[in-house]
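Undergrad: sequence below, structure please.
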Amino acid sequence: MSDQRDQSTEVLSGAQPPAGGPAAPERRGRPRWLKTLLWIVIPVVVVVLLLVVADAVTRAVAEQRVAAEIEKNLPSSVKADVTVHIGGFSVLAQFLEGSFSDVDLAAPHATVNGAPLSAAIHATGVPADLSKPIQSATGTLTISQDSLNKLVTIPGAKGDITLGDGVLGYDGSIDLLGLPVDYTVSATAKANGTTVLLTPGKASVSAGSGNVSITKLIQALTASGPFPLCAAQYLPDGVQVSDIHVTPNRATVTLTASNFVMDEKFLHSKGSCS
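TA: Presented below is the predicted three-dimensional model:
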């Protein structure tokens, strides 16, 4: 009996799968080429991720530094929270080259002498060292009619400036045939570098000015050509007016400048039309 049990046990322990049955799967290692590829790719991916993170951190730090530097150098009459965006693929690469290709500045809630306005600037060729000149910049100022009247005056005009569809209006007085004539005029505005040229189009005579020909009034107002309003006196020295767009109750002015250092001296300066 004991011999039969031993034999039975031996048969079970040595049993083989039936003939024709599925063979047990063989475990195979990774191909050598795949191991080599992983050894190369994984470190490269890690390095790229580290560079992306470092670039993002550098971008944020540089943007904050530029914004803080500009805000610090603003005149006391100007209040603005400036936001900065540095364009381009890699800030680190641009920093090592010494300049940033594109920089956008925005101050949507700025005030000048208490008058609110919105400002935006796109600059190119901005040096990493802010004590060196910026290659060029284009900016826009968007200003309401109320703010315009707090900041700008038209020589000889009386009362407030009004903004309409492509025109601005103002009141004035002129001697016509030896008689003082009070009038209201609407004029188109054209950018002209340091000045804005006002060309009267329509006019009306104020009550009490007598029977005055509107045609003669317009001729008198335009006898010397468009009236030059000096814009440079309100802007940093070297800034030019390149375009002006007037809509009801609002005006948008486009400004340009080149080869300037955006430091305290520049931001505190004022241009002239002489």
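Undergrad: show me where the stretch 51-200 of the chain has its strands.
TA: 78-79, 83-86, 99-112, 115-127, 134-144, 158-163, 168-176, 179-192, 195-205 (DSSP state E, counting those that start in this stretch).
Undergrad: including distance to residue 252 and mean pLDDT, could those go into TSV?
TA: Yep, even glycine has a C-beta here, placed from its N, CA and C like the rest. As requested, the strands of the stretch 51-200 of the chain are exported to TSV (distance: least, C-beta to C-beta, whole Å; pLDDT from 0 to 100):
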stretch	distance to residue 252	mean pLDDT
strand 78-79	19	96
strand 83-86	19	96
strand 99-112	13	96
strand 115-127	9	97
strand 134-144	5	98
strand 158-163	11	93
strand 168-176	13	87
strand 179-192	11	89
strand 195-205	13	90
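Undergrad: in a markdown table: the ones you listed, plus distance to residue 234 and mean neighbour count.
TA: Shown next, in a markdown table, are the strands of the stretch 51-200 of the chain (distance: least, C-beta to C-beta, whole Å; neighbours: other C-beta atoms under 10 Å):
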| stretch | distance to residue 234 | mean neighbour count |
| --- | --- | --- |
| strand 78-79 | 12 | 16 |
| strand 83-86 | 23 | 18 |
| strand 99-112 | 9 | 18 |
| strand 115-127 | 11 | 18 |
| strand 134-144 | 10 | 18 |
| strand 158-163 | 14 | 15 |
| strand 168-176 | 15 | 18 |
| strand 179-192 | 14 | 17 |
| strand 195-205 | 10 | 18 |
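Undergrad: for residue 241, find the nearest of those.
TA: For residue 241, the closest of these is strand 179-192, at 4.3 Å, according to C-beta to C-beta.
Undergrad: partner strands of that closest one, parallel or antiparallel?
TA: If you go by DSSP bridges, strand 179-192 pairs up with strand 168-176 (antiparallel), strand 195-205 (antiparallel).
Undergrad: for the ones you listed, which one sits closest to residue 58?
TA: Nearest to residue 58, of the strands paired with strand 179-192 and by C-beta to C-beta, is strand 195-205 at 41.2 Å.
Undergrad: contacting residues around that closest one?
TA: 154, 167-168, 181-191, 212, 214, 217-218, 221-222, 226-232, 241, 244, 273 (C-beta atoms under 8 Å, 6 or more residues apart in numbering).
Undergrad: nearest to residue 248, out of the strands of the stretch 51-200 of the chain?
TA: strand 158-163 (6.2 Å).
Undergrad: run through the neighbouring helices and strands of the closest one.
TA: helix 145-151, strand 168-176 (3 or more C-beta pairs under 8 Å, 6 or more residues apart in numbering; DSSP states H and E).
Undergrad: between these, which gets nearest to residue 160?
TA: helix 145-151 (4.8 Å).
Undergrad: check the offset of the closest one from the chain's centre.
TA: With C-alpha atoms, centre = their mean, to the nearest Å as the basis, helix 145-151 stands 23 Å off its chain's centre.
Undergrad: which parts of it are buried?
TA: Neighbour counts over helix 145-151 (16 or more other C-beta atoms under 10 Å) mark 145, 147, 148, 149, 150 as buried.
Undergrad: quick one: the second one from residue 115, how far?
TA: In other words, residue 147. For residue 147, the distance to residue 115 (C-beta to C-beta, to the nearest Å) stands at 4 Å.
Undergrad: next: the first one.
TA: Relative to residue 115, residue 145 is positioned 11 Å away (criterion: C-beta to C-beta).
Undergrad: re the thing from before, how about the helices and strands packed on strand 158-163 in CSV, adding distance to residue 160?
TA: Putting those into CSV (distance: least, C-beta to C-beta, whole Å) gives the following:
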stretch, distance to residue 160
helix 145-151, 5
strand 168-176, 8
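Undergrad: so which of those gets nearest residue 84?
TA: Of these, nearest to residue 84 by C-beta to C-beta is helix 145-151, at 24.0 Å.
Undergrad: ok, residue 206 - contacts?
TA: Contacts of residue 206 by C-beta under 8 Å, 6+ apart are 171, 181, 182, 183, 184.
Undergrad: fine by me, thanks again.
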